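A.B. asks: got a predicted structure plus its sequence, pasted below:
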Amino acid sequence: MKVTVAHLRSVPGFSPKPGFCLSQSRVWFQRHGLDWRDFVRNGIDAEALEATGDGLALALVAHARREVANGR
């Protein structure tokens with residue numbers, strides 16, 4: 001399953017507004033050796049995010065799975 005920028009921008013529960021900060025997300029991708037530009041263009045496999053073991057990444061994947069299950 002692909003996690004997309006739409007999922008990143010709509011993940012609930014981490015701030016008053018839904019979504020993660022794009023500029024800090026870009027830093028996070030760099031820190032984990034992931035290609036930000038490719039993610040923005042094509043999404044990223046959920047497994048790649050899960051492999052980081054990072055709690056925020058795991059929450060994003062869970063959100064993306066719920067969205068896909070609900071047809072979004």
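C.D. replies: Yep, that arrived.
A.B. asks: okay, now the unreliable bits of the protein?
C.D. replies: For the chain, not a single residue meets the criterion pLDDT under 70.
A.B. asks: after the strand or helix carrying residue 47, next one along is what?
C.D. replies: In this assignment (DSSP states H and E), residue 47 forms part of helix 46-50. Counting by DSSP H and E, the element after helix 46-50 in chain order, helix or strand, is helix 55-69.
A.B. asks: what's that following helix packed up against?
C.D. replies: In this structure, helix 55-69 packs against strand 2-3, helix 5-8, helix 46-50, with contacts taken as 3 or more Cβ pairs under 8 Å, 6 or more residues apart in numbering; DSSP states H and E. All C-beta spots, glycine's among them, are computed from the backbone N, C-alpha and C.
A.B. asks: go again with 10 Å.
C.D. replies: Contacts defined by 3 or more Cβ pairs under 10 Å, 6 or more residues apart in numbering; DSSP states H and E place helix 55-69 against strand 2-3, helix 5-8, helix 22-31, strand 44-45, helix 46-50.
A.B. asks: can I get these in CSV with distance to residue 61 and mean neighbour count?
C.D. replies: Below are the helices and strands packed on helix 55-69 laid out as CSV (distance: least, Cβ to Cβ, whole Å; neighbours: other Cβ atoms under 10 Å):
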stretch, distance to residue 61, mean neighbour count
strand 2-3, 6, 18
helix 5-8, 9, 18
helix 22-31, 14, 14
strand 44-45, 10, 19
helix 46-50, 5, 17
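A.B. asks: including distance to residue 72, could these go into a markdown table?
C.D. replies: Output for those, formatted as a markdown table (distance: least, Cβ to Cβ, whole Å):
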| stretch | distance to residue 72 |
| --- | --- |
| strand 2-3 | 13 |
| helix 5-8 | 8 |
| helix 22-31 | 20 |
| strand 44-45 | 17 |
| helix 46-50 | 15 |
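A.B. asks: so which of these gets nearest residue 71?
C.D. replies: Smallest distance to residue 71 across these (Cβ to Cβ): 13.0 Å, for helix 5-8.
A.B. asks: list the contacts of the closest one.
C.D. replies: Where contact means Cβ atoms under 10 Å, 6 or more residues apart in numbering, the residues beyond helix 5-8 that reach it are 1, 19-22, 25, 39-41, 43-44, 46, 60-61, 63-68, 72.
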